[in-house]
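Asker: build me a structure from this.
(4 chains)
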4 protein chains.
Amino acid sequence: EEEEERAEERDAFWFKEGLTEDFRVELALQNISFDARSTFQRVQVIETTQFGRTLVMDGQTQSAEADEHIYHESLVHPAMLLHKSPKKVFIGGGGEFATAREVLRHSSVERCVMIDIDEVACDICRKQLPEWNGGAYEDPRFHVKYKDALRWLEDTEETFDVIIMDICDPIEAGPGYKLYTNEFYEYVQKHRLNEGGILVTQSGPGAVYNAQKECFTVIHSTLRSAFDVVVPYAVDVPSFGCNWGFNLAFKSSDPEADKRDVLNRDVEEFNNEIEKRIKGGMDGMRFLDGLAWRGISGLPKEIRQQCEEEDRVMTIDNPVFMFAS
Amino acid sequence: EEEEERAEERDAFWFKEGLTEDFRVELALQNISFDARSTFQRVQVIETTQFGRTLVMDGQTQSAEADEHIYHESLVHPAMLLHKSPKKVFIGGGGEFATAREVLRHSSVERCVMIDIDEVACDICRKQLPEWNGGAYEDPRFHVKYKDALRWLEDTEETFDVIIMDICDPIEAGPGYKLYTNEFYEYVQKHRLNEGGILVTQSGPGAVYNAQKECFTVIHSTLRSAFDVVVPYAVDVPSFGCNWGFNLAFKSSDPEADKRDVLNRDVEEFNNEIEKRIKGGMDGMRFLDGLAWRGISGLPKEIRQQCEEEDRVMTIDNPVFMFAS
Amino acid sequence: EEEEERAEERDAFWFKEGLTEDFRVELALQNISFDARSTFQRVQVIETTQFGRTLVMDGQTQSAEADEHIYHESLVHPAMLLHKSPKKVFIGGGGEFATAREVLRHSSVERCVMIDIDEVACDICRKQLPEWNGGAYEDPRFHVKYKDALRWLEDTEETFDVIIMDICDPIEAGPGYKLYTNEFYEYVQKHRLNEGGILVTQSGPGAVYNAQKECFTVIHSTLRSAFDVVVPYAVDVPSFGCNWGFNLAFKSSDPEADKRDVLNRDVEEFNNEIEKRIKGGMDGMRFLDGLAWRGISGLPKEIRQQCEEEDRVMTIDNPVFMFAS
Amino acid sequence: EEEEERAEERDAFWFKEGLTEDFRVELALQNISFDARSTFQRVQVIETTQFGRTLVMDGQTQSAEADEHIYHESLVHPAMLLHKSPKKVFIGGGGEFATAREVLRHSSVERCVMIDIDEVACDICRKQLPEWNGGAYEDPRFHVKYKDALRWLEDTEETFDVIIMDICDPIEAGPGYKLYTNEFYEYVQKHRLNEGGILVTQSGPGAVYNAQKECFTVIHSTLRSAFDVVVPYAVDVPSFGCNWGFNLAFKSSDPEADKRDVLNRDVEEFNNEIEKRIKGGMDGMRFLDGLAWRGISGLPKEIRQQCEEEDRVMTIDNPVFMFAS
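Answerer: Below is the predicted model of the structure:
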């Protein structure tokens, strides 16, 4: 009988999200528990039967209870572990505070600055999705300001070991698209990253059919215009409906050595670093470890080719051509 | 105006496929160009805007124009390349003939036997999806028989270097579930595989949320009950709606060495083998190469754990417990 | 831009309701503002863009802001106006209190008793949908009890001029199916209706394709087994997704005259009665008047034929055969 | 088991049609058996489980096996029966030939001219939906020409007793919107209709929530600008997803008498006329008879009010304002 009741609910409410105009996913919806509009976007907290509580902004899944750990472990730890000993970390965006949560698990970190433009959205996440931040908020090493990340970075004198860009895709970021341009990457590479520093950015959908149509390959190519070593990777985050792309960029004195190292990092060694440097060690990692890093950095030949052949570079004056493909 | 016409079509027809009761994908449907029923199943050839011509059996996507190469390269080449020099290859199922197409690209192959129970479905594929077989049908090394694969294997004296199981998931295979049991794997391991031989089987959905709920971890665990070395891997085949699972099983005289080798195969060496042994070489590979092999074999920590912890074993008398989870 | 925001919301959330297994409606969903379970059913208050706030029970639309007046005017006023001067009125079910609201607009009414089994659901309606009851709750002529309607009617000595059955369809009513049987109708006709009394019952979907497949024609036929004059009618309530059926049954001393009168009621005369007897008069009626009564009682020939030819009669011992069609 | 197979098919393919941006119907799709593009539109023949074979033009249902008789009986017979003895009949559009089929059942008809602009679409209907035309094509009284209906009417000297406009809604008709303007109606009223003649036109969606938002009330109001007596009516055609609107316009010497007569036509008398004048008589009518005519002409008070209060009139120079509401 309970079974039957479930069936009724299943038929009743659905959350639909378009991956393209011709391809959508549908998730059985349990409730819309929060719904508000900040200055910048619509913010909703919903619950789906499949993926649990989910943050939705402007109709798009941002992170879901069942697999936000996949997204956040994959965004944060490769950059942090490939750096020798990150002390100072910058997060651009990161409203759910889950990126900060993962950064702060690294014992080397002395200071983590997060700049997000949308205070209202951040407050909603803290109150509605308290498990997402894992107490980051109380960590004395953590500093959050609600400002324009670009302006803050231009105004500061501070430099960082790791910079993590966790903001909307360029087309949805509005004026935030500037955080995906050659100009921004050049500036960061020269002025805000310490020697040996690493920048990582979420880079939109990263599957065979949409890596090039969306922004993954263009972000890759734009990073290459400012950094010597750029490594793309992609992760299956089921609630996003498709593989999700990321790019790592290295401020390196020995690019060749670095690139080799990144893709050939020994599995055991990677696991040892986790054990040593991250609070909770291997037991605390659910998705990512040495072998999983090989998994997410071992992109299909055709996507790597699309990255290499991409010649569009995003600049402040030419931001839109990238969606003309 | 053409744009507008497209919009109308987009709204009109859809192909929906459930990944779970609570999670579905929807694809804009261009046409249903073929529709028939064999003794065993309903066979349809449709066209979706996103993935092109697609073979659908009993309402489930089997393979699509846009990404069948991902599925078939991933099913065939790891097993073939991890074997030293496969001369005799058995395919169970494989109705689209695309598995045979990939096998026959290997110059070492002297004989490839395919046993599929459904002649009608195979004929439909040949006529409706001619590019899928790539001429396999005319290759003198290729031999197809329309029979029950289990019975054929029990009746033959022949032994093989590589056995490729390309059949429906156990629950949908009807009596074919026997091809997923301990008894079958024991028999094959002892009597039909040559020393150093490898069996690979498609193993159903392989994403974090369904690897255990469906049959991936149980197939893995059942293979482990008969083989010393079993390696699971998973591949993003976009038209399937989720990552897809596979398992490799090795008849090995030195299991430890073999397992180490499989997961640490050097990228350059893997590429060299492709160049040497496969018709078309690296240029002929669209999805798979050395780095991509690392990608698909580098499973998330949590899925590997689910595989290791799985203790259900499928037997002829106990086939159904596996769906009780 | 606001346009665009609307578009995003439109794509995001949907309420789906199946009319049959093969025919569904989808409504853009604004929110699920209330969600609870009573002893008897799941009760939700949602808002759709198309029809506004909507009461949903066990996944089925009960009444919507935009057109509940159509349902309730059509359920109540024909029975009330076709009676000479209804003083005592019984409502079975009627949880939204909107049926009571319409009954109490009749100046002839001295006493209106409503018996609904689900106090929790009734309370939810009062609080969440206050406009639905229109103050019925405060009217001194109105008396509500939360009991089993069948038992209450069997235990009372009271008799009524009009009996209005506003409960779930038989299949969903659970034990409440008894309120749709020959035994119930016989009992009411003989013992609870005054001479000249009228019973009206909502009767499920009433379109050409589902009047017979669902319960409309069977309810009609069962009423005919207990009453001499039974008049079916059907109304387009858009939020229900299809025409909705009702049946009027007359305890008549001159059946022929009555039947003729019902279907030939002069339009002007009907309007005059509205003006005279209903609070607010013609101005207070949004959907129903003399011409609209002709509209809803002028059923298609094929539905009238289905009603006449229906020979299944629902009894306490044989309630289920009706869904075998 | 067959049951199960049905379930699979049900989940697989769907035909979706939007009634508004926020309200859609979904129909389980069996096949798309024909698909072509004429100069004017896309023409598809599909089969849905619910309504059988269905003609779809530019993504919109035109008529379905299960209920085309409802649409065509309702379009043709009221106009024909309310005329004393229609001898010459003009059909504008009417591509399925089912409008002609119903016209030719009237024994009074001596000549029926049909002018449809799209010969390709008409041919498709004849071949793919042969039952739709019921042999109209072979009737010597029937004459079809593939031309622009407006130009043909302007060029001819012929006059008609009944003119039936069976074309797309104004917004979709492209240049055909001219057939919905005051200018066209004035011309027809003065020059192409005989004394006592009647024009009827399909008029788009006619439910409470869309009669005014779409074109029903505007067509009504535009007809009133050229005719003294205009009678709106609406019919539940289930495969259209909502009630469908029509308008009758009378070239009358005694408007008051005519209007009264139309809405008060005695049921028996109406049935007698059917018996006398239509081939097959009452037995040949599935949907429409005297009582059903009362049903479809007895519009809800609120829709009649919307019609009366509508003051937008469509003219050749001002065709679009009507969708601005």
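Asker: going forward, measure contacts and count neighbours with C-alpha atoms only.
Answerer: Fine.
Asker: helix, strand, or coil at the closest residue to A:Ser252 other than its chain neighbours?
Answerer: In space, A:Ser252 comes closest to A:Gly196 once its chain neighbours are excluded; the distance is 5.3 Å by Cα to Cα, 6 or more residues apart in numbering or on different chains. Look at A:Gly196: counting by DSSP: H, G, I helix; E, B strand; the rest coil, its state is strand.
Asker: pLDDT value on A:Gly196, please?
Answerer: pLDDT, the model's per-residue confidence, is 94 for A:Gly196.
Asker: that one: neighbour count?
Answerer: Close neighbours of A:Gly196, defined as other Cα atoms under 10 Å in any protein chain shown, add up to 19.
Asker: surely it is in contact with A:Ala249?
Answerer: No. Counting by Cα atoms under 8 Å, no contact exists between A:Gly196 and A:Ala249, whose distance comes to 10.3 Å.
Asker: so how far is the first residue of stretch A:90-97 from its last?
Answerer: Across stretch A:90-97, the straight-line distance between its terminal residues is 13 Å, by Cα to Cα, to the nearest Å.
Asker: so how far is A:His72 from the nearest residue to A:Arg37 once chain neighbours are set aside?
Answerer: Excluding the flanking residues, the one nearest A:Arg37 by Cα to Cα, 6+ apart is A:Val43, at 5.8 Å. Taking Cα to Cα as the criterion, A:Val43 is separated from A:His72 by 20 Å.
Asker: the residue nearest to A:Gly176 when sequence neighbours are not counted: what's it in contact with?
Answerer: Taking Cα to Cα, 6+ apart as the measure, A:Gly176 lies nearest to A:Pro170, with 6.8 Å between them; neighbours along the chain are not counted. Taking Cα atoms under 8 Å, 6 or more residues apart in numbering or on different chains, we find A:Pro170 in contact with A:176-180, A:215.
Asker: quickly name whichever of these is closest to A:Glu110.
Answerer: Within the set of these, A:Leu179 lies nearest A:Glu110; the separation is 24.9 Å, counting by Cα to Cα.
Asker: need phi/psi at the closest one.
Answerer: Per-residue torsions, A:Leu179: phi -80, psi 0 (degrees, to the nearest 10).
Asker: equivalent analysis for A:Ile219, please.
Answerer: phi -60, psi -40.
Asker: all helices for the stretch 101-250 of chain A, in order.
Answerer: Counting by DSSP state H, counting those that start in this stretch, the stretch 101-250 of chain A has helices at residues A:119-128, A:130-133, A:149-155, A:182-187, A:216-224.
Asker: rebuild those as JSON lines, extending it with mean pLDDT, mean neighbour count and distance to B:Glu119.
Answerer: Putting the helices of the stretch 101-250 of chain A into JSON lines (pLDDT from 0 to 100; neighbours: other Cα atoms under 10 Å in any protein chain shown; distance: least, Cα to Cα, whole Å) gives the following:
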{"stretch": "helix A:119-128", "mean pLDDT": "95", "mean neighbour count": "18", "distance to B:Glu119": "57"}
{"stretch": "helix A:130-133", "mean pLDDT": "95", "mean neighbour count": "18", "distance to B:Glu119": "54"}
{"stretch": "helix A:149-155", "mean pLDDT": "96", "mean neighbour count": "14", "distance to B:Glu119": "62"}
{"stretch": "helix A:182-187", "mean pLDDT": "98", "mean neighbour count": "18", "distance to B:Glu119": "57"}
{"stretch": "helix A:216-224", "mean pLDDT": "97", "mean neighbour count": "27", "distance to B:Glu119": "43"}
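Asker: among those helices, which is nearest chain C?
Answerer: Using Cα to the nearest Cα as the criterion, the shortest distance between chain C and the helices of the stretch 101-250 of chain A is 16.6 Å, found for helix A:119-128.
Asker: helices or strands up against the closest one?
Answerer: For helix A:119-128, the packing partners by 3 or more Cα pairs under 8 Å, 6 or more residues apart in numbering or on different chains; DSSP states H and E come out as helix A:130-133.
Asker: other residues contacting the longest helix along chain A?
Answerer: Longest helix in chain A, counting residues (DSSP state H): helix A:68-82. Residues lying outside helix A:68-82 but in contact with it, judged by Cα under 8 Å, 6+ apart, are A:63, A:86, A:98-99, A:102-103, A:106, A:162, A:164, A:198-202, A:235, A:237, A:246, A:248, A:262, A:270, A:273-274, A:285-288, A:293.
Asker: do the same with stretch A:98-114
Answerer: Residues from elsewhere that reach stretch A:98-114 (Cα under 8 Å, 6+ apart): A:72-73, A:75-77, A:80, A:85-94, A:132-136, A:139, A:141-145, A:166, A:277-280.
Asker: same question, stretch A:269-276
Answerer: Taking Cα under 8 Å, 6+ apart as the criterion, the residues outside stretch A:269-276 that touch it are A:81, A:281-282, A:289-290.
Asker: return the subset of those lying in helices.
Answerer: Counting by DSSP H, these place A:81, A:290 in helices.
Asker: for the contacts of stretch A:269-276, give me a markdown table that also has distance to B:Ser297.
Answerer: Compiled in a markdown table, those are given as follows (distance: Cα to Cα, whole Å):
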| residue | distance to B:Ser297 |
| --- | --- |
| A:Leu81 | 21 |
| A:Gly281 | 23 |
| A:Met282 | 20 |
| A:Asp289 | 13 |
| A:Gly290 | 12 |
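Asker: whichever of the contacts of stretch A:269-276 end up buried, select them in ChimeraX.
Answerer: Selecting only the buried entries of the contacts of stretch A:269-276 in ChimeraX, with 16 or more other Cα atoms under 10 Å in any protein chain shown as the criterion:
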select /A:81,281,282,289,290
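Asker: quick check, nearest of the contacts of stretch A:269-276 to D:Lys301?
Answerer: The nearest one, if we look at the contacts of stretch A:269-276 relative to D:Lys301 and count by Cα to Cα, is A:Asp289, at 69.6 Å.
Asker: where exactly do the strands run in chain A?
Answerer: Here chain A has its strands, by DSSP state E, at A:13-20, A:23-37, A:42-48, A:52-57, A:60-64, A:88-93, A:111-115, A:142-145, A:160-166, A:193-205, A:229-236, A:243-250.
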